[in-house]
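> Structure of the sequence below:
(2 chains)
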There are 2 protein chains.
Amino acid sequence: MTLKDGVLDPQGRAIAGALTDLGFEGVEGARQGKVIELELADQALDAAKEQVEAMCKKLLANPVIENYRIEIS
Amino acid sequence: MTLKDGVLDPQGRAIAGALTDLGFEGVEGARQGKVIELELADQALDAAKEQVEAMCKKLLANPVIENYRIEIS
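So this is what the prediction gives:
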């Protein structure tokens, strides 16, 4: 999950500033987001994706300000 | 960045509990971590990876309790 473009991300801005202060050059921007790793019971890939999609909508993500991406492995 | 195995992750545990309470079945575990997206000035892929590695060690990650993975695109 990352904040949508246009949503102010003060943590990301602090990270970019701190990296520059530490002498790292060429840092043009930073955004901080979350990653949630879920361990799910065995099931078909499609079903798992659908289940995680529902979890994101119901609980994990705030669709007003966040984008999310689902990866299944 | 995710917490190392064995490091207590109360946020992850709360997520797993909340998903189960909401009726999602088969949630065997959840871990919450961070993702930081950096925009860097153009440079060779190897150099960029090295730079981000140095950033992780110096500022972004806490190697005592966190694992991190770098992806460059």
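
> now the helices: where do they sit in chain A?
Secondary structure of chain A by DSSP state H: the helices cover A:10-21, A:45-55.

> helices or strands up against the longest one?
Going back to what we said before, that points to helix A:10-21. When contacts are defined as 3 or more Cβ pairs under 8 Å, 6 or more residues apart in numbering or on different chains; DSSP states H and E, helix A:10-21 packs onto strand A:27-40, strand B:27-40. Bear in mind the C-beta positions are built from the backbone N, C-alpha and C, glycine included.

> Contact residues of chain A facing chain B?
Selection of chain A residues close to chain B by Cβ under 8 Å from any Cβ of the partner chain yields A:2, A:12, A:15-16, A:18-19, A:22, A:24-41, A:43, A:51, A:54-55, A:58-60.

> List only buried entries from those residues.
A:2, A:12, A:15-16, A:18-19, A:24, A:27, A:30-38, A:40, A:51, A:55, A:60 (16 or more other Cβ atoms under 10 Å in any protein chain shown).

> who's in contact with A:Ile72?
Listed by Cβ atoms under 8 Å, 6 or more residues apart in numbering or on different chains, the contact set of A:Ile72 reads A:Leu45, A:Ala48, A:Lys49, A:Val52.

> can you rerun that using 6 Å?
Contacts for A:Ile72 (Cβ atoms under 6 Å, 6 or more residues apart in numbering or on different chains) come out as A:Ala48, A:Lys49.
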